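K.L.:
Here is my input, please return the structure:
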Amino acid sequence: MNFEADRCVRVDELRRLLESVQEINLFILVIDPSDFGQSVENIYHLSFLVQDGTCSVRVADNGEPLVSRSDPSAREESGDSVNRKQLIFEFDMATWRRAIDVFAIDHPFIPHRTTTRSDSR
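P.N.:
Predicted coordinates:
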């Protein structure tokens, strides 16, 4: 599978997973506690869903970053008039480890993907 096709598959898998929740902590959603690299990939895949309006990211009053599903009918009605902003945040190994501890993440919400050497070529 080429990079673009793989990305589309991963984004669709994440879209289906998000259908099971109304709102979820960003770190609980994307962090794979056993694999920093897959956590980074999960953030990358989430960015496509935020970009197309499938979901949004907001910061709660308590500072918790939350991902929410967007209402499909509201997306269609608003078209290009939706006020979109970028969210940029630092995500390094120290942040990854701290989030695992702070949010007691012991298993990934997004299933761990096994990779082989041939997958990485």
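K.L.:
Lowest mean pLDDT among the helices and strands, pick that one out for this protein.
P.N.:
Least confident element among the helices and strands of the chain, by mean pLDDT, DSSP states H and E: helix 72-78 (a mean of 55).
K.L.:
If you count neighbours, what's buried in the helix or strand just after it?
P.N.:
Downstream of helix 72-78, the next assigned helix or strand under DSSP states H and E is helix 93-102. Using 16 or more other C-beta atoms under 10 Å as the test for burial, helix 93-102 gives Trp96, Ala99, Ile100. Just so you know, the C-beta spots here come from the backbone N, C-alpha and C atoms, and that holds for glycine as well.
K.L.:
cool, stretch 58-65 as well?
P.N.:
For stretch 58-65, by 16+ other C-beta under 10 Å, it's Pro65.
K.L.:
Not counting that stretch itself, show me its contacts.
P.N.:
Contacts with stretch 58-65, where a contact means C-beta atoms under 8 Å, 6 or more residues apart in numbering, come from Asn25, Leu26, Phe27, Val57, Leu66, Ser68, Phe89.
K.L.:
any idea of the mean pLDDT for that stretch?
P.N.:
Stretch 58-65 shows a mean pLDDT of 92.
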